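S.K.: this one's sequence-less:
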Ligand SMILES: C=C1C[C@]23C[C@@]1(O)CC[C@H]2[C@@]12CCC[C@@](C)(C(=O)O1)[C@H]2[C@@H]3C(=O)O
Ligand SMILES: O=C(O)CCC(=O)C(=O)O
Ligand SMILES: [Fe+2]
């Protein structure tokens, strides 16, 4: 049973600025754990490169499809989002996290909320605390909405689908009032860590989104899990965005595209920040495998679920959420 203090710890991050040794509550184990145990923070030095795809290229459809089937993620370039926007977002993110803890706690995220300052929402599912602090908000710059529109269009197109014909609820992302998508914008901060090999930035998880656009801000830390290879570092590419396949995309693609298991590790030399845009269905939207992907030899793998129902499930059974809606 969690003590009140433990429960409280899950909510509010440490004041990382005044810590010279890793507190035990933040010390993860690398010994006597299987390599694929989510609590094993062992950093292997395996390098495999996530595909870097120019979405302006004619063969982008095939490259995106292969990456989503094999990795559940890829890096995108020639995406049309100005570098100046990335730099401005990163500057403001660093300004925010450089505020004093008291100031940041003025906008603390409520225990079951998603908006505001606090520790990762997935903290309660792990025995140790994570070396991170985050700030969540709703909404997103129009450039990111447009890019999501482009990327989802390519992902669906690679399966012979279009969102106009096949996902009624996914309307053009240019502000049309029928759209039933929502955007969660997450800022992540990973302060310099005194003992990074025994700490965890953001523990293994899949995103609940359709897709997530992640900017590593030119400092490595993201790792994706690949069967057979284990944890693989994603080399940060200047100006590129990482595209994660989320749980909702695994559902609508009827399992063709895999929601990528990923985590973030920390370092002892620089304060890393990352920014992530989550493209989500609205709470009342019914999400299910797309009809054109179902036939006599490809039955639906998941039952219909609303956005709200899935998020509630995710924060109840966590990494068993997709399994729990399996048909
Ligand atoms: C829109 C969402 C995705 C998210 C849960 C949330 O409702 C708001 C916070 C999001 C975030 C950001 C950091 C990683 C993550 C796993 C988490 O703990 O909170 C994601 C959640 C998710 O994708 O399930
Ligand atoms: O900081 C990172 O590289 C990963 C962040 C992440 O996975 C998330 O915000 O969902
Ligand atoms: Fe994530």
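M.R.: Right, received. Where do you want to start? This structure is a prediction, so every number in the text was calculated from the model and none was measured. Ligands and ions are numbered 1, 2, ... in the order given.

S.K.: wait, what's in contact with residue 182?
M.R.: Residue 182 is in contact with 138, 280-282, counting by CB atoms under 8 Å, 6 or more residues apart in numbering. In short, each C-beta sits where N, CA and C put it, glycine included.

S.K.: Does the nearest residue to residue 53 once chain neighbours are set aside belong to a helix, a strand or coil?
M.R.: Of all residues not flanking residue 53 in the chain, residue 63 sits nearest, at 4.8 Å (CB to CB, 6 or more residues apart in numbering). Secondary structure assignment for residue 63 (DSSP: H, G, I helix; E, B strand; the rest coil): helix.

S.K.: Could you report the neighbour count for residue 295?
M.R.: Using other CB atoms under 10 Å, residue 295 has 8 other residues around it.

S.K.: For beta bridges, what are the partners of residue 138?
M.R.: Beta-bridge partners recorded for residue 138 (DSSP bridges): residue 184.

S.K.: how deep is it tucked in, by neighbour count?
M.R.: Applying other CB under 10 Å, I find that residue 138 has 12 neighbouring residues.

S.K.: That one against residue 113, yeah?
M.R.: No. Assessed by CB atoms under 8 Å, residue 138 is found out of contact with residue 113, at 11.0 Å.

S.K.: can you give me the helices for this protein?
M.R.: 4-11, 60-70, 83-97, 101-105, 142-157, 163-166, 247-252, 307-317, 321-324 (DSSP state H).

S.K.: Up against ligand 2, what does this structure have?
M.R.: 186, 188, 202, 207, 214, 216, 221-222, 262, 264, 274, 276 (CB under 6 Å from any ligand atom).

S.K.: any low-confidence regions in this protein?
M.R.: 1-11, 30-48, 171-179 (pLDDT under 70).

S.K.: What residues does it have near ligand 1?
M.R.: 114, 120-122, 136, 184, 186, 205, 207-209, 278, 280, 311, 314.

S.K.: just curious, which of those is nearest to residue 228?
M.R.: Residue 228 has its nearest neighbour among the residues of the chain next to ligand 1 in residue 205, at 20.4 Å by CB to CB.

S.K.: In this structure residue 225 contacts residue 258, no?
M.R.: No. Residue 225 is not in contact with residue 258 according to CB under 8 Å; the separation is 10.5 Å.

S.K.: Overlap in contacts, these two.
M.R.: In contact with both residue 225 and residue 258: no residue, using CB under 8 Å, 6+ apart.

S.K.: quick one on the thing from earlier: filter the residues of the chain next to ligand 1 down to the ones in strands?
M.R.: Within those, residues falling in strands by DSSP state E are 136, 184, 186, 205, 278, 280.

S.K.: for the residue nearest to residue 53, what are its contacts?
M.R.: Taking CB under 8 Å, 6+ apart as the contact definition, residue 63 lies against 51, 53, 57, 74.

S.K.: Next, the contact list for residue 236, please.
M.R.: By CB under 8 Å, 6+ apart, the contact set of residue 236 is 216-220, 222.

S.K.: Would you mind listing the residues in contact with the residue nearest to it when sequence neighbours are not counted?
M.R.: Using CB to CB, 6+ apart and skipping the chain neighbours, the partner closest in space to residue 236 is residue 216 (4.2 Å). Residues counted as contacts of residue 216 (CB under 8 Å, 6+ apart) are 222, 234, 236, 242, 272, 274.
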